[in-house]
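Enquirer: make a model of this:
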Amino acid sequence: MKNNKILIIAAHPDDEILGCGGTISKLNKDNKVNFIFMTNGVSSRGNNKKKIKKRKNACERLFKKMLFSKPFFFDFPDNSMDKIPLLKIIKALEKKIKYYKPDTIFTHFSNCLNIDHRITFEAVITACRPINNLSVKKILSFEVPSSTDWALFKGKNFQPNYFIDISKHLTKKIELLKFYKDELRNYPHSRSIKSVKSLASYRGVSCGVKYAEGFYLNRYID
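Expert: As a prediction, the model looks like this:
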């Protein structure tokens, strides 16, 4: 990918790095990459303004270090997006997609364990229905450790069919993950550094490279 407009739509700050941090690092140089976060990722644990601010500050420091464009934050309720009318979420996304005019969207997988991930996916797919000269030509779903891999929806597990070689960018992904250190856990948790590296190795073996990130290609228009 070169000279594309890419939009990352993630439910929470940290999902973007867990799901496609290596890919973002790889593509940011030659493409215009924008980011949308649907919720703050913290408030469901209690209305602690300090924790909410800490997560947002971690995200903003990460983006500043990487020279990413400033992210847009919606204010939907964390881990409770199912309480909001889906149409309201779709309309909000439609406006942003029309504004950014992306060629490619990276977002969540349809059958993650986390409800915000599932609602985000459904809203993105609906907002990107192929009408009104939609700019979006490619929609890819990323996997989020401890949400995608822990889901037990029979016959609906994540099976990537699109891989991006991040062999030269895994170290950067790990570096960026440390900005969200409060969300990391000890091995053998899926969100441990060791597990993230192992997943990248496993996805790499699947496509013949050292390290990769796997995605599910939902739609592609050539």
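Enquirer: so which residues of this protein form strands?
Expert: Along the chain, counting by DSSP state E, strands occupy 5-10, 32-37, 72-73, 104-108, 138-142, 162-165, 212-220.
Enquirer: count the neighbours of residue 203 for me.
Expert: 22 (other Cβ atoms under 10 Å). For glycine as for every other residue, the C-beta is placed from the backbone atoms N, C-alpha and C.
Enquirer: so how far is residue 48 from it?
Expert: The gap separating residue 203 from residue 48 is 35 Å, by Cβ to Cβ, to the nearest Å.
Enquirer: now render the strands of the chain as CSV, adding distance to residue 149, mean neighbour count and mean pLDDT.
Expert: As requested, the strands of the chain are exported to CSV (distance: least, Cβ to Cβ, whole Å; neighbours: other Cβ atoms under 10 Å; pLDDT from 0 to 100):
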stretch, distance to residue 149, mean neighbour count, mean pLDDT
strand 5-10, 17, 24, 98
strand 32-37, 22, 21, 97
strand 72-73, 27, 16, 96
strand 104-108, 13, 26, 98
strand 138-142, 12, 25, 98
strand 162-165, 17, 18, 98
strand 212-220, 11, 19, 98
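Enquirer: nearest to residue 62, out of those?
Expert: strand 32-37 (10.5 Å; Cβ to Cβ).
Enquirer: picking up where we left off before, need the strands of the chain in TSV (columns: distance to residue 179).
Expert: Shown next, in TSV, are the strands of the chain (distance: least, Cβ to Cβ, whole Å):
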stretch	distance to residue 179
strand 5-10	14
strand 32-37	14
strand 72-73	16
strand 104-108	19
strand 138-142	18
strand 162-165	21
strand 212-220	18
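Enquirer: of all those, which one is nearest residue 150?
Expert: Nearest of the strands of the chain (Cβ to Cβ): strand 104-108, 14.0 Å.
Enquirer: the least confident helix or strand in the chain by mean pLDDT to strand 32-37, inter-axis angle?
Expert: Lowest on mean pLDDT, DSSP states H and E among the helices and strands of the chain sits helix 49-66, with a mean of 91. Orientation check (axes from the mean of the first three to the mean of the last three Cα atoms, to 10 degrees): helix 49-66 against strand 32-37 gives 170 degrees.
Enquirer: isn't residue 42 up against residue 78?
Expert: Yes: the pair residue 42 and residue 78 passes the contact test of Cβ atoms under 8 Å, sitting 6.3 Å apart.
Enquirer: the more surrounded of the two?
Expert: Legend: neighbour count by other Cβ under 10 Å for residue 42 and residue 78, higher for residue 42 (23 against 19).
Enquirer: residues touching that one, list them.
Expert: Residue 42 sits next to 48, 51-52, 54-55, 78 when contact means Cβ atoms under 8 Å, 6 or more residues apart in numbering.
Enquirer: of all those, which comes closest to residue 197?
Expert: Nearest member of these to residue 197, counting by Cβ to Cβ, is residue 55, at 23.5 Å.
Enquirer: any idea of the pLDDT on the residue lying closest to that closest one once chain neighbours are set aside?
Expert: If the residues on either side of it in the chain are set aside, residue 55 comes closest to residue 42, at 4.9 Å by Cβ to Cβ, 6 or more residues apart in numbering. Note on residue 42: pLDDT of 88.
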